[in-house]
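Student: Got a predicted model here, sequence first, then my questions.
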Amino acid sequence: MVNLTIDDKQVTAPKNATIYDAAKLNGIKIPILCHDKKLKPFGACRMCLVEVEQMKGRQIPACTTPVTDGMIIRTSTPDIVKARKMVLELLLLNHPIDCPVCDKGGDCDLQNLTYEYQVNANRFTDEKFHHEIDYNNPLIERDMNRCVLCGKCARICDEIVSFGALTFISRGIETKIGCEFEDALNCEFCGSCVSVCPVGSLLARPFKFKSRFWALTNKKSVCSYCGTGCNLTLGVKDDKVLTTIYDENQGFHKGQLCCRGRFGYQFINSDKRLTTPLVRKNNVLTEASWDEALDLVASHLKGAGASAGALATPRLTNEELVLFKKLMETAGSANHDHSAGYAHAALTEGFARSFGTTASPATILDIQKSDLLLVIKTDTYETHPVVGFEINMAVKNKGVKLNILSDKSGKLSKLPDATTLIHTPGSEIAVLNAIAKVILDEKLADGSAASIPGYAELEKALAGFTPDAVAGQSGLKATDIKQLASDYAKAAKALILFPAGNAYPGHNADLASAAANLAILTNKLGKEGCGILCMAEKNNSQGAVDMGFYATNGLNASQIIDGCANGSIKTLFIAGENPVVSYPDQARIKGALDKADFLVVSDLFLTETAAMADVVLPACSFAEKEGTFTSVDRRVQHIKPAIRKIGQSRSDFDIFGALIAKLGGQAPVAPSAVFDEIAAATQGYAGMSYAALGEEGVFAPVAVKPVLVAPKAGAVTPEPGKLALVTGSVLYHNGTLSQFGEGPMYVCPEGYIELSRSDAARLKIENDDLLNITSAIGSVKLKARVSPRMPEGVLFTPYHFGAAEINQVWTGAPITWVTLAK
Amino acid sequence: MNPITPIINGLKITLSHLFKKPVTLQYPTERPKVAQRFRGLHALNVSHNKAKCVACYLCPTVCPAKCITVEAGEDANHDKYAAKYEIDMLRCIFCGYCVEACPVDAIKMTGEFELANYRRQDFIYTKERLLEKK
């Protein structure tokens, strides 16, 4: 800590702080346009000029000057105020005064400073700029006439998003922010540039002209897409969520969001939302009253016993999941599961046997504190983009070494010094086993490893996984595997990350155990920057596991579906899931749901699954209810209603509560009461309450009892003449919900199939050709996308889209062997 | 003082008024001459054949009676215009803050004061009704 004086006030600040940081830390405001907490100091705007007595009264920028002991700083002498006014005058010389039509009005740093410093007139005259405004994409409008050249957009795009879409172009008075070759903006549309723009140069088009900033009420919430658990501020007006608002102080990610988080909120107030219960009469879904619908559901659940089944989406709150379980218990059934029954297996089976717990022994905060990251699948960036930003920052700012094991390259492989080992699809477990084998053979294991249960068995089981044997099978070089093993083992701190979800059936219990073995063998557990992070797909996937909402005594999702088909499950209650699109093998799912005697679906929308139901109950989105979500690193966060419930919709909490009451059970009064029960009963949640969670949430600690487990690595046998189709998530979507968010649909409106250039050349396929993809179980038509990132013989397709249901060809195997035809 | 004097003084004034022009207007046959700065019904100024209003939302923000509803729209040139501009005359208190707040001189208050109507709905002045008559 350093002692210094700012404006006659004795203050202390950390040694590495700048004058600006030190002032802010001590509640002294210095005006600035080009600074953001997350970005490196830049010193572009010259608004933060201060005087330092030791520097003989020179005016120096506060944002780039580090503090030194005994500094005497003045932030607002008449000379400085004069200089700042001059800066503003010069900025306003070229900045158009179109505040009435500028969407930034009311939230504009330049406007606020102009008002604060009373710059009413300008001593200079000059022409305004006449740059062409970029309206070429539906999400971000770029009006460079308003730009003050603070460079925040270019810096955030480079430093955090690592896309580099924007940069300074030209010199002197002609300087502007532009894209490559002065072309239109075409990036991943995370909107980070929009969030930091101090003026109205970069604007969110979905929100354009919808409301003035001052008319919005800011409601804090948690994003309901992926499991990262990003905090959101929703801009609400007249009970409508109109936008998301940037708050640099929010969450571990400091307000940083991805495309779907920032631009995918429209599903909340979508016109397509269900507003009344629907009951099937004469084979048509007709509007009904809540009493009628709930009575009908209750009559089928009452005494149903094991003939009732429940499938939930892990987007429900913890409280709702517990209540759903309780409802099924009241009906006498233990058949409940989520995410197709396999997407959580890495946690519920893999980690359960390797770590004795069903949670990841690492947090997202460990990423930047580590020395080496081992990322399994480049898809990690696509499934959890904000975790991807953390990886970007770790690699670019902290010099963390990035190793990727993947079946295709991706954005993460482009990071500086990233090593990507591209293996044949489905061989990741074998490669991890080979790494473990190298660690054992080359005595790289930690001294404590031999005493861990399962060591001898593992050693025996890994006998066949020599780097040379695995190299042949996986298409890697044995030396690369050895190198990775020694890098991982020798790093002081190393963290393994892998995504899990419906689209990643290969990321199963064995993969989790194989990865766990590496961490256990090298003792990279329970320390800062070490561990394994299994990143489950949905916002409350970890919560669903923590609440025990998976098959323990009853049937799992797959068995429930089979049960419907063979008649043993008569009543199926689906809350929020859309199995027809998101579960593998559509024909099987549809056939089973058709056969179910009574199908109840509670959802926001009339999804493909809801359309098949006998009763459809309109549920609420996350913005309308109270509860808790648990992120992938077990941060439990509290959400509160931001708007009133839409139409007659009710939260799943109320629906389950009402049904429990109708079945003669005791319905809980409020989510808080249920959360108190959860806190008392769930490992790691002890002592939590809504009040204790606060705005940032609280981590539920993970206690690890390591056991070495020999993972099974199933051999992949290629089918001659066929290509390997792997499924996955695309950056703009998450599950099937994002189809109702306008932003994601603007950027990625339909499914596609990605193939390598060499395959495309061989099969004479060009971009946007409509291809017929045929597997053993069916065929589907998708547009081709030829991409340099795909290795030969491998195809990739995202699974989110109801209009292009790839589960017509996909059986749930990690790899589907398909043929392509035009 | 003689108690009769004030009465006589009063009658004098009364008598003098018998020979003056009466203050009372024979409304509606006779019309009052409204002052320039009278604050009556609003009108939206027109320029280049369209409303000058750019939907900046300053008038609904400043309005103490919250009687103005504006909804902005984006026209073919990506410019902002008032897709909806409504004033609820039942709520309006004719304070004129909207005129004062307008940065583009798009709204004014006319001398129109006959605002009575039969139905509540008729007191909602839409953009079409408010556009300046020329």
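Tutor: Alright, I've got the coordinates.
Student: Now for the residue nearest to A:V400 when sequence neighbours are not counted: which residues touch it?
Tutor: Spatially, and ignoring its direct neighbours in sequence, A:V400 is nearest to A:A394 (4.0 Å; Cβ to Cβ, 6 or more residues apart in numbering or on different chains). (Each C-beta comes from the backbone N, C-alpha and C, glycine too.) Under the criterion of Cβ atoms under 8 Å, 6 or more residues apart in numbering or on different chains, the neighbours of A:A394 are A:I367, A:Q368, A:S370, A:L373, A:V400, A:L402.
Student: Pull the contacting residues for the closest residue to the last one other than its chain neighbours.
Tutor: Sequence neighbours aside, A:A418 is the residue nearest to A:L402 in space, at 4.2 Å (criterion: Cβ to Cβ, 6+ apart). In this structure, A:A418 makes contact with A:V395, A:L402, A:N403, A:I404, A:L412, judged by Cβ under 8 Å, 6+ apart.
Student: And the residue in the stretch 1-150 of chain A positioned nearest to chain B, how far from A:N403?
Tutor: Across the stretch 1-150 of chain A, no residue is closer to chain B than A:P100, which sits at 3.5 Å (Cβ to the nearest Cβ). For A:P100, the distance to A:N403 equals 53 Å [Cβ to Cβ, to the nearest Å].
Student: The two: who's more crowded?
Tutor: Counted by other Cβ atoms under 10 Å in any protein chain shown, A:P100 and A:N403 do not tie: A:N403 has more neighbours, with 22 against 17.
Student: Pull out the buried residues from the helix or strand hosting that one.
Tutor: If you go by DSSP states H and E, A:N403 is part of strand A:401-406. Under the neighbour-count criterion of 16 or more other Cβ atoms under 10 Å in any protein chain shown, strand A:401-406 has A:K401, A:L402, A:N403, A:I404, A:L405, A:S406 buried.
Student: And stretch B:123-131, by the same measure?
Tutor: Buried residues in stretch B:123-131 (16+ other Cβ under 10 Å): B:F123, B:I124, B:Y125, B:K127, B:R129, B:L130, B:L131.
Student: contacting residues around residue 68?
Tutor: Here I'm looking at chain A. A:V2, A:L4, A:Q54.
Student: hm, I was asking about chain B
Tutor: Counting by Cβ under 8 Å, 6+ apart, B:I68 touches B:C59, B:P60, B:Y85, B:E86, B:I87, B:D88, B:C98.
Student: for chain B, where's the lowest mean pLDDT among helices and strands?
Tutor: Least confident helix or strand of chain B, by mean pLDDT, DSSP states H and E, is strand B:50-51 with a mean of 91.
Student: Hmm, A:L533 and A:S370 touching each other?
Tutor: No - between A:S370 and A:L533 there is no contact under Cβ atoms under 8 Å: 10.3 Å.
Student: So these two - more neighbours on which side?
Tutor: With neighbours defined as other Cβ under 10 Å, A:S370 and A:L533 compare such that A:S370 has more, 28 against 24.
Student: Tell me the spacing between that one and A:Q542.
Tutor: The gap separating A:S370 from A:Q542 is 20 Å, by Cβ to Cβ.
Student: same question, A:I32
Tutor: 38 Å.
Student: Spatially, what comes nearest to A:E89 if we skip its sequence neighbours?
Tutor: Spatial nearest neighbour of A:E89, chain neighbours left out: A:N122 (5.2 Å); criterion: Cβ to Cβ, 6+ apart.
Student: wait, what's in contact with the one residue sitting closest to the centre of chain B?
Tutor: Among the residues of chain B, the one closest to the centroid is B:G40, at 1.5 Å (Cα atoms, centre = their mean). Counting by Cβ under 8 Å, 6+ apart, B:G40 touches B:V34, B:F94, B:M109, B:T110, B:G111, B:E112, B:F113, B:L115.
Student: ok so, going back, per-residue pLDDT, the residue nearest to A:L402?
Tutor: Note for A:A418: predicted pLDDT of 95.
Student: likewise A:A13?
Tutor: A:A13 is assigned a predicted lDDT (pLDDT) of 94.
Student: ok, what's across the strand from it?
Tutor: Per DSSP bridges, the residues bridged to A:A13 are A:V2.
Student: got it, and the one 5 residues further on?
Tutor: For A:T18, the beta-bridge assignment (DSSP bridges) gives partners A:P66.
Student: mind listing what it touches?
Tutor: So A:T18 contacts A:P41, A:A62, A:C63, A:T64, A:T65, A:P66, A:V67 (Cβ under 8 Å, 6+ apart).
Student: what does chain B put close to chain A?
Tutor: B:54-58, B:61, B:72-74, B:78-80, B:103-104 (Cβ under 8 Å from any Cβ of the partner chain).
Student: Recalculate using a threshold of 7 Å.
Tutor: Within reach of chain A by Cβ under 7 Å from any Cβ of the partner chain, chain B has these residues: B:54-57, B:61, B:72-74, B:78-80, B:103-104.
Student: circling back to that earlier point, which of the contacts of A:T68 are buried?
Tutor: Buried members of the contacts of A:T68, counted by 16+ other Cβ under 10 Å: A:V2, A:L4.
Student: okay if I get the contacts of A:T68 as a markdown table plus pLDDT?
Tutor: Converted to a markdown table, these look like this (pLDDT from 0 to 100):
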| residue | pLDDT |
| --- | --- |
| A:V2 | 92 |
| A:L4 | 93 |
| A:Q54 | 90 |
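Student: Show me which of the contacts of A:T68 is closest to A:D107.
Tutor: Set against A:D107, the nearest of these by Cβ to Cβ is A:L4 (32.3 Å).
Student: how close does the closest one sit to A:G57?
Tutor: Distance of A:L4 to A:G57, given as Cβ to Cβ: 17 Å.
Student: who touches A:D417 in this structure?
Tutor: For A:D417, the contacting residues are A:K401, by Cβ atoms under 7 Å, 6 or more residues apart in numbering or on different chains.
Student: Helix or strand for it, just tell me which one.
Tutor: Per DSSP H and E: A:D417 is located in neither a helix nor a strand.
Student: That one and chain B: what is the separation?
Tutor: Look at A:D417 and chain B: by Cβ to the nearest Cβ, to the nearest Å, they are 43 Å apart.
Student: Can you report phi and psi for that residue?
Tutor: Backbone geometry at A:D417, expressed as degrees, to the nearest 10, gives phi 60, psi 20.
Student: I'd like to know which elements the next helix or strand after the least confident helix or strand of chain B is packed against.
Tutor: Counting by DSSP H and E, the next helix or strand C-terminal to strand B:50-51 is helix B:58-62. Identification of packing neighbours for helix B:58-62 by 3 or more Cβ pairs under 7 Å, 6 or more residues apart in numbering or on different chains; DSSP states H and E yields strand B:68-74, helix B:97-101.
Student: Mind putting those into CSV with mean pLDDT?
Tutor: Listed next are the helices and strands packed on helix B:58-62 as CSV, based on pLDDT from 0 to 100:
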stretch, mean pLDDT
strand B:68-74, 94
helix B:97-101, 96
